[in-house]
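S.K.: Next input, structure requested:
(chains A and B)
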Amino acid sequence: MAKLKVPVGPDDHAQGPADAPVTLLEYGDYECSHCGHAYPIVKALQKKFGKQLRFVFRNFPLREIHPNAEVAAETAEFAATRGKFWDMHDLIFENQNSLSEQMLGELAHRLTLDRQALRDALRSGTFAERVQGDFSSGVRSGVNGTPTFFINSQRHDGDFELETLLQAIQKMIHSHK
Amino acid sequence: MSNILPAGTPAPDFTLHATPDQTLALKGLRGRPVILAFYPADWSPVCGDQMALYNEVLPEFHRFNAELLGISVDGVWCHAAFSRDRKLHFPLLADFEPKGAVAKRYGAFRDGEGIAERALFVIDKNGTIRWSYCSPIAVNPGADGILEALENLAK
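M.R.: Numbers count the residues shown, from 1 in each chain, chains lettered A, B, ... in the order given. Modelled structure (predicted):
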């Protein structure tokens, strides 16, 4: 079974305690409807498991089929450098159906981020390398589509409905005890 | 699962349609590595399907000067439509008539269902299979195994 090749590190975007018994890592694409479907499911898992779960998100934009996936990922990375990764992450998924560069600018504005600075960063590809780094690490780890989840570094090959992920995480917590 | 041809076997040559009016012969690609990706069918109903993923990873395959070929039993017009829809930048070959003949020679055909396995082959520049892998039909194998095999070829 495929395993995560690049361990979670300080550069990753993570929610929840670093010493949580379970880390759920998602390789996702902001324009992918399946990732949009998984978004509230992850929220529900975080609520259910609380401090027992750490959630990490890495970018895996499928640029050929999702023309806005790359700019969305770079926008989230831009927000991250201003301490607002998760706010932007949530806003993008909540507005997934109307993604465009203009709309991403409006989301930045809503988070009191500098729209012009975002525009400049997107133009010059400031965050392109970071996004590509996530993508490459995913490919190396056996990411096979979006979303791909890893539970404590093991690729989760089942579906990503709430019940399935809940059971997989519960199993991992128990095996830790 | 089928018994696919293992590493060390000479890759059986074939000529298949890549577009309605063009054919492609495996031996025409001697001198560079070739990735053969057999897959069950066009139009799989997920965003990140196997071919869409490989399309994104293409620059990494090209770093090894490798050529990627997708192969399924779908016909040329079906491939053309699928390829256009997913904006694929590599050829899809139609193993259509006689159906699955090439997949059979690679041991990558599912008899009962009449479709190809999700089987991957990395062939070296001299035409020898250097790595092969057959994934459970429902599991997209990803690209990590291919990249590792290409890396080993380059050593």
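S.K.: Residues in a beta bridge with the residue nearest in space to the middle of chain A, which ones?
M.R.: Nearest to the mean C-alpha position of chain A, counting by Cα atoms, centre = their mean, stands A:Phe57 at 2.9 Å. Going by DSSP bridges, A:Phe57 is paired in beta bridges with A:His13, A:Glu26.
S.K.: Touching, it and A:Glu26? I think so.
M.R.: Yes. In this structure, A:Phe57 is within contact of A:Glu26 by Cβ atoms under 8 Å, at 5.3 Å. Any C-beta I mention is one placed from the backbone N, CA and C, and that applies to glycine too.
S.K.: Looks like A:Ala80 contacts A:His13 (just checking).
M.R.: Yes. At 6.2 Å, A:Ala80 and A:His13 qualify as touching, with contact defined as Cβ under 8 Å.
S.K.: Geometrically speaking, which residue is the centre of chain B?
M.R.: Residue closest to the average C-alpha location in chain B (Cα atoms, centre = their mean): B:Ala37, at 2.0 Å.
S.K.: Look up the residues forming beta bridges with it.
M.R.: For B:Ala37, the beta-bridge partners under DSSP bridges are B:Gly70, B:Leu120.
S.K.: Relative to chain A, how far out is it?
M.R.: 12 Å (Cβ to the nearest Cβ, to the nearest Å).
S.K.: Let me see the confidence value for that residue.
M.R.: Looking at B:Ala37, its pLDDT is 97.
S.K.: Check the one 10 residues further on too.
M.R.: Here, the pLDDT recorded for B:Cys47 equals 55.
S.K.: ditto for B:Asp74
M.R.: 97.
S.K.: tell me the contacts of B:Gly114?
M.R.: With contacts defined as Cβ atoms under 8 Å, 6 or more residues apart in numbering or on different chains, the neighbours of B:Gly114 are B:73, B:99-100.
S.K.: Please apply the same query to B:Pro20.
M.R.: Applying Cβ under 8 Å, 6+ apart, the residues near B:Pro20 are B:76-77, B:80.
S.K.: In terms of helix, strand or coil, where does B:Gly142 fall?
M.R.: coil (DSSP: H, G, I helix; E, B strand; the rest coil).
S.K.: That one contacts A:Lys5, correct?
M.R.: No. Using Cβ under 8 Å as the test, B:Gly142 is too far from A:Lys5 to be in contact (11.4 Å).
S.K.: For the contacts of B:Gly114, which single residue is the most surrounded?
M.R.: The most crowded member of the contacts of B:Gly114, judged by other Cβ atoms under 10 Å in any protein chain shown, is B:Val73 (25 neighbours).
S.K.: so where's chain A uncertain?
M.R.: Residues of chain A meeting the criterion pLDDT under 70: A:1, A:177.
S.K.: now the helices: where do they sit in it?
M.R.: A:33-49, A:69-80, A:85-94, A:101-110, A:115-124, A:128-140, A:162-176 (DSSP state H).
S.K.: Do any residues in the third one lie close to chain B?
M.R.: Right, helix A:85-94. No. Under the criterion of Cβ under 8 Å from any Cβ of the partner chain, chain B is not reached by helix A:85-94; the shortest gap measures 14.4 Å.
S.K.: What of the first one?
M.R.: Yes. For a cut-off given as Cβ under 8 Å from any Cβ, helix A:33-49 has contacts with chain B, namely A:33-34.
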